[in-house]
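what follows is a predicted structure for the sequence shown.
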Amino acid sequence: MRHLAGIRLPVLFALLLITLVAACGGDDDDSPSASRSTSNERKSITFMAGFKPQANLPFVGVYVAQEKGFFEELNLDVDIRHAQSGEHLQLLLAGEVQVATANAAQVVQRRAEDLPIVSIALIGQKSEQGFAVGAGSGIRSVSDWAGKRFGYKGTVPVEFLAIAKANGLDPDAVDQVKVSFDPRVLSEGQVDILAVFVSNEPGQLERIGYPVTLFDPSDYNIPVLGLTYISSEDMIAKDPEALERFLRGALKGIEYASENVEEALDIVLKYAPQEVREQQEFMLTTELARASTPLTNTYGYGWQTPEQWTALIGALTEFDIITEDVAPGAVFTDRFIEAIYEDEN
């Protein structure tokens, strides 16, 4: 993993990397370091996490940066808020919030609707979505799903359709039912397969004595992604310096959490005192593992590429999740991540 301080890429390789990304990156600005901090003017950001306080890794990065003074070192005031019912996107577009979080697929879907939100860092390098079955259920492969009852929340996730296709399973061979957010629908036998957030429900079920087997889309080379930090096109144009400072602090917070898990959990519980530490530890360690891939081990937390977004757009198009053309360069920008890690060379 490239640290924000300490590890340096060889100069020749760094120059080659900058040249390549300038040619194919997700931002039209020919100068990726243009957003570098250039003044000592104090800045402010309102960050709204997309859910309640908990150990989702993008949330943790902000909590830790706030509590350890990383934002203060960058002369940045950060007001931390949490969405109650998905209002973070509306507030982001209204300019009341400058940074929020969103699932990568959600970013693409909103861009297909012409909403000007942009991923400024990809934290979840793998999908949040998985599929749990009871460890003693006898379900050992995706082909065993035929004739079983599958429970999902909201809408059938694209990961279900993609994992079925990858294993030659007709999705219609599985009984698909909408269920509540209570994972006990699986332990009580109401469904045989349950759509879960990989870092959440499996831990809850384990804690009540119901071990599960998890089917992970990333194990089947399905190109789906996890949580991102997002901003608006307007904010990116208006105050890129504030956004870069925010990302510097938050990514440093994620790195610190990866090396100091127990202290990071102490910080999480200051923001989420109602949560169970054991469950928050499961969430944090799972998300840290899923944020670490060969890509991020080489370039650093938050890295994102045109290839990742192109593959995700292709999957969403293939299964009719989106029907409008979406260009990869519209859904993400690498200018901030590039500038941050370039400064470390």
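Happy to help now that I have it.

not counting its neighbours along the chain, what's nearest the residue most central in space within the chain?
With distances taken as C-alpha atoms, centre = their mean, Leu227 lies nearest the centre of the chain, 1.4 Å away. Closest residue in space to Leu227, ignoring its immediate chain neighbours: Gly124 at 4.3 Å, by C-beta to C-beta, 6 or more residues apart in numbering. The way it works is simple: take the backbone N, C-alpha and C, and place the C-beta from them, glycine included.

and if you look at Ala195?
Closest residue in space to Ala195, ignoring its immediate chain neighbours: Tyr152 at 4.3 Å, by C-beta to C-beta, 6+ apart.

roughly how far does the one you found sit from Pro171?
According to C-beta to C-beta, to the nearest Å, Tyr152 and Pro171 sit 11 Å apart.

assign Ile45 to helix, strand or coil.
Secondary structure for Ile45, judged by DSSP: H, G, I helix; E, B strand; the rest coil, is strand.

now do the contacts for it.
Leu76, Asp77, Val78, Asp79, Gln98, Val99, Ala242, Leu243, Arg245, Phe246 (C-beta atoms under 8 Å, 6 or more residues apart in numbering).

show me where pLDDT drops low in the stretch 101-250 of the chain?
The model of the stretch 101-250 of the chain has no residue with pLDDT under 70.

and the helices in it?
Under the criterion DSSP state H, counting those that start in this stretch, the stretch 101-250 of the chain contains helices at 104-112, 158-166, 184-187, 201-207, 233-238, 240-259.

so what does Cys81 look like in phi/psi?
That one is not Cys; residue 81 is Arg. When quoted as degrees, to the nearest 10, the phi and psi of Arg81 stand at phi -130, psi 170.

check contacts around it.
For Arg81, the contacting residues are Thr46, Phe47, Met48, Ala49, Val97, by C-beta under 8 Å, 6+ apart.

of the residues you listed, which pair is most distant in space?
Thr46 and Ala49 (11.2 Å; C-beta to C-beta).

how close does the nearest residue to Ala146 once chain neighbours are set aside sit to Gln129?
Excluding its sequence neighbours, the residue lying closest to Ala146 (C-beta to C-beta, 6+ apart) is Ala173, at 4.3 Å. Note on Ala173: its distance to Gln129, by C-beta to C-beta, is 20 Å.
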